[in-house]
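Student: with the sequence up front, the predicted model follows.
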Amino acid sequence: MSKRLLPLVPDGLSVLQVLSDPDSLTIVTTPQPMPAACPVCQRPSRRRHGVYERILTDLPWQGRPVRLRVRVRRFRCTNPACERRTFSVPLPTVAAAYAHRSRRLGEVQGHLGLAGTVAVT
Ligand SMILES: [Zn+2]
């Protein structure tokens, strides 16, 4: 099933697990490896601090709501002069910071909103 779903996952994510039930689909993913650099001082870091999970609503699949569980890695900033202690790698192709929906779902909803506006006027 994951091979069929692979094209349906936003670019930049790898599928770890697919959890399916009759009413919804949950895809557990991890960002594809990319260099981590502190957003404040720009120093690269390989010191892992941990992992946390972001839950994002994504485009529905065959009429079923889809949730993406993205395991985001946190790193330590190794620059002692930097004010930032830890940071996570952003997901620019997947979702905006602090967003609860995927970027592509937001784009579709934006287009639908515009279409509704045009239809009303
Ligand atoms: Zn830093």
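Tutor: Yes, it's here.
Student: up against the ion, what does the protein have?
Tutor: The chain has residues 38, 40-41, 77, 79, 82, 84 near the ion, with proximity defined as CB under 5 Å from the ion. Any C-beta I mention is one placed from the backbone N, CA and C, and that applies to glycine too.
Student: out of those residues, which is most surrounded?
Tutor: residue 77 (24 neighbours; other CB atoms under 10 Å).
Student: distance check, residue 9 against residue 28.
Tutor: 11 Å (CB to CB, to the nearest Å).
Student: these two: which has the busier surroundings?
Tutor: Taking neighbours as other CB under 10 Å, residue 9 and residue 28 compare with residue 9 leading, 19 against 16.
Student: mind naming the longest helix for the protein?
Tutor: helix 103-120 (DSSP state H).
Student: what about that helix, distance to the chain center?
Tutor: 21 Å (CA atoms, centre = their mean, to the nearest Å).
Student: again, but for stretch 16-31
Tutor: 13 Å.
Student: next: stretch 80-96.
Tutor: 13 Å.
Student: list the buried residues in that stretch.
Tutor: 87-89, 91, 94-95 (16 or more other CB atoms under 10 Å).
Student: cool, and stretch 48-56?
Tutor: 54, 56.
Student: now do stretch 13-24
Tutor: 13, 15.
Student: what average pLDDT does it get?
Tutor: Average pLDDT, stretch 13-24: 91.
Student: am I right that residue 59 is in contact with residue 104?
Tutor: Yes: in this structure residue 59 lies within contact range of residue 104 using CB atoms under 8 Å: 6.1 Å.
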